[in-house]
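J.: predicted structure and sequence below. I'll ask about it afterward.
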Amino acid sequence: MGEDVAGRVGRAYRSVKRKRSKSPEPEAPPKNDAELFDRDRRRELEQLGHANILVIGQTGVGKSTLINAIFRKPLAAAGIGRPVTKVVQRFEDPDVPVTLYDTKGVELGDSKRRVIRDYKRLIADKRKGRAEDHIHIAWYCMDAGQTRVEDYDLEIMRELAHEVPVILVFTQTIDDERADGLERAVQDVPLMGCMRTLAQPRTIGTQTLPQRGLEELVRRTNDILPEAVRRAFVNAQGVVLDLKVDQSRAVVVAASAAAAGAAAAPIPMSDAALLRPIQLGMLASITAVFGIDIKADKVLSLAKGLVGQGGMEQAGKRLVKELAKHVPGGNVVNAAVAGTLTGALGEAYIRLCAETLRRQADGRPLPDAEFLLDAYRGLLAKRASPPGPDRPT
């Protein structure tokens with residue numbers, strides 16, 4: 001876990017440094033903050049990588065329902081799949097950095113050898129390309145309501161497990177005793193886990209069973225995926241906000257360090273233009289991690305009064321005055337202020353993005369500039385005062 005966090009922070013810091021350094025092929029400088037934000041968001045999206053998941057299961061097990069419940073856009077919408085082989089079709093969306101290779105429906109009457117051959121051929125063909133083109137994991141979907149695991153399914157799972165990590169996903173799980181029996185039947189198959197899911201609430205008589213297992217499936221998949229494509233999966237999934245928050249906080253840590261380093265130079269703290277590119281780049285990166293379609297003008301409107309000549313500068317002056325009492329040396333104070341302001345802005349924006357996704361899911365009005373400002377002020381109130389005899393560290 002520690003190495004994973006360190007890796008995320010390291011990549012985020014290198015990304016921030018790249019944004020501040022000169023490109024080997026100079027491009028036209030952004031004309032305004034909106035262009036700067038858009039450029040950095042596009043760059044971050046390009047650096048997310050791309051994850052590829054093979055989704056297998058017989059017709060009617062609920063693969064499409066599962067897929068559309070997991071991802072932030074309905075990747076299994078009717079009519080968007082493209083045939084890859086006689087057995088496999090591809091589902092993708094240009095705004096989602098995950099491609100699903102979904103079976104049209106594996107049937108017991110199909111030739112087992114042909115089905116396995118098609119899967120293996122697809123996996124082998126993808127291995128010839130870049131790492132982000134590989135098939136990274138397989139979800140083998142099985143209806144948890146069936147009475148037994150067919151030998152057909154067992155053989156396909158065993159063959160695939162030699163090629164890619166395979167998670168067995170029990171769909172439509174409403175009877176755990178039956179699922180227990182199915183799970184015992186696959187205990188000799190080298191699987192990476194068995195997940196019990198119910199993608200949509202189910203009403204039985206007067207009782208409504210809630211969704212279940214989606215978060216566990218997302219977390220397990222994230223753990224198994226290669227590090228290079230995890231950020232793509234985190235962006236694409238819409239179930240576990242914590243994963244998006246963790247990735248975004250790595251960006252904030254890196255941006256805060258970059259801001260502190262820039263402010264340690266002998267340049268007056270009041271020169272807010274020094275920090276603006278770092279802070280806007282941070283906001284752009286967080287937007288990309290969350291996978292939210294927030295336009296530059298909306299972000300700049302939300303951040304108005306915080307970035308540049310507004311509340312950020314006013315807060316900075318107050319922090320300089322406070323920290324000067326405790327820390328000798330102007331440049332050191334400037335660095336501490338820059339890091340604190342940037343960190344508070346980043347954390348406040350993370351909260352804004354998370355709240356945006358929650359409200360979108362619930363159909364509620366989206367948060368406004370006041371939400372961001374309140375979060376920012378609250379965070380600064382906690383971070384501004386240095387530790388002292390009356391304040392715990």
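T.: In hand now; what should we look at?
J.: who touches stretch 220-240?
T.: 4, 7, 47-51, 53, 69-73, 96-98, 131-132, 136-137, 139, 165, 167, 192-193, 195, 214-215, 218-219, 243-244, 247, 288-291, 357, 361 (Cβ atoms under 8 Å, 6 or more residues apart in numbering). The C-beta positions use only the backbone N, C-alpha and C, and glycine is treated the same way.
J.: restricted to strands, list those.
T.: If you go by DSSP state E, those have Ala51, Ile53, Val96, Pro97, Val98, Ile137, Trp139, Ile167, Met195 in strands.
J.: so the last one bridges to which residues?
T.: Beta-bridge partners of Met195, counted by DSSP bridges, are Val169.
J.: ok, now which ones touch it?
T.: Contacts of Met195 (Cβ under 8 Å, 6+ apart): Ile167, Leu168, Val169, Phe170, Gly213, Glu216, Leu217, Arg220.
J.: the nearest residue to the second one once chain neighbours are set aside and Asp180: what is the separation?
T.: Here the nearest residue to Leu168 in space, its sequence neighbours aside, is Cys194; by Cβ to Cβ, 6 or more residues apart in numbering that works out to 4.6 Å. Distance of Cys194 to Asp180, given as Cβ to Cβ, to the nearest Å: 10 Å.
J.: neighbour count winner among those two?
T.: Ranked by neighbour count (other Cβ atoms under 10 Å), Cys194 and Asp180 place Cys194 first, with 18 against 12.
J.: which residues touch the more buried one?
T.: Here Cys194 is in contact with Ile167, Leu168, Val169, Phe170, Glu183, Val186 (Cβ under 8 Å, 6+ apart).
J.: now with 7 Å?
T.: Cys194 is in contact with Leu168, Phe170, Glu183, Val186, counting by Cβ atoms under 7 Å, 6 or more residues apart in numbering.
J.: how many other residues sit next to the second one?
T.: Residue crowding around Phe170 was assessed by other Cβ under 10 Å; the count is 24.
J.: sitting in helices, which of the contacts of stretch 220-240 do you find?
T.: Those of these mapping onto helices are 4, 7, 69-70, 214-215, 218-219, 243-244, 247, 288-290, 357, 361, per DSSP state H.
J.: between these, which is nearest Ala199?
T.: Ala69 (4.1 Å; Cβ to Cβ).
J.: once you drop chain neighbours, what's closest to that closest one?
T.: Closest to Ala69 by Cβ to Cβ, 6+ apart is Ala199, at 4.1 Å.
J.: please apply the same query to Gln247.
T.: Counting by Cβ to Cβ, 6+ apart, the residue nearest Gln247 is Val289, at 4.7 Å.
J.: pull the contacting residues for that neighbour.
T.: Arg231, Val234, Asn235, Lys244, Gln247, Ser248, Val251.
J.: care to break the chain down by domain?
T.: The chain breaks down by automatic domain parsing into domains covering 2-30+240-383, 51-233.
J.: what mean pLDDT does the shortest one get?
T.: Right, the one you point to is domain 2-30+240-383. On average, the pLDDT along domain 2-30+240-383 is 70.
J.: and for the last one?
T.: Averaged across domain 51-233, pLDDT comes to 88.
J.: on that earlier part again, what's the farthest-apart pair in the ones in strands among the contacts of stretch 220-240?
T.: Pro97 and Met195 (22.3 Å).
J.: what ranges do the strands span in this protein?
T.: 51-56, 82-83, 88-93, 96-103, 137-143, 166-171, 194-196, 202-204, 207-209.
J.: now the fifth one against strand 96-103, angle please.
T.: Spelled out, that is strand 137-143. Comparing the axes of strand 137-143 and strand 96-103 via axes from the mean of the first three to the mean of the last three Cα atoms, to 10 degrees yields an angle of 50 degrees.
J.: convert the C-alpha atoms of strand 137-143 to CSV, please.
T.: What follows is strand 137-143, C-alpha atoms only, in CSV (Å, rounded to 0.1, in the frame of the first residue of the first chain):
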residue,chain,number,x,y,z
ILE,A,137,-8.4,-8.9,-16.7
ALA,A,138,-11.5,-11.1,-17.3
TRP,A,139,-14.8,-11.1,-15.5
TYR,A,140,-16.5,-14.4,-15.9
CYS,A,141,-20.2,-13.8,-15.1
MET,A,142,-22.5,-16.5,-13.8
ASP,A,143,-26.1,-16.3,-12.6
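J.: helices or strands next to that strand in the packing?
T.: Helices and strands touching strand 137-143, by 3 or more Cβ pairs under 7 Å, 6 or more residues apart in numbering; DSSP states H and E, are strand 51-56, helix 151-161, strand 166-171.
J.: pull up the pairing partners for the first one, direction included.
T.: I take that to be strand 51-56. strand 96-103 (parallel), strand 137-143 (parallel).
J.: want to throw these into TSV with distance to Asp175 and mean neighbour count?
T.: As requested, the strands paired with strand 51-56 are exported to TSV (distance: least, Cβ to Cβ, whole Å; neighbours: other Cβ atoms under 10 Å):
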stretch	distance to Asp175	mean neighbour count
strand 96-103	25	24
strand 137-143	11	23
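J.: reformat those as TSV; add distance to Leu275.
T.: Putting these into TSV (distance: least, Cβ to Cβ, whole Å) gives the following:
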stretch	distance to Leu275
strand 96-103	29
strand 137-143	40
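J.: of those strands, which approaches Lys382 most closely?
T.: Closest among the strands paired with strand 51-56, using Cβ to Cβ: strand 96-103, at 34.3 Å.
J.: using PDB, list the CA coordinates for that closest one.
T.: C-alpha atoms of strand 96-103 as PDB (Å, rounded to 0.1, in the frame of the first residue of the first chain):
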ATOM      1  CA  VAL A  96     -14.100   6.500 -21.100                       C
ATOM      2  CA  PRO A  97     -10.500   5.100 -20.900                       C
ATOM      3  CA  VAL A  98     -11.800   1.500 -20.600                       C
ATOM      4  CA  THR A  99     -12.700  -0.900 -23.400                       C
ATOM      5  CA  LEU A 100     -14.900  -4.000 -22.700                       C
ATOM      6  CA  TYR A 101     -14.500  -7.100 -24.800                       C
ATOM      7  CA  ASP A 102     -17.900  -8.700 -24.200                       C
ATOM      8  CA  THR A 103     -19.200 -12.000 -25.400                       C
END
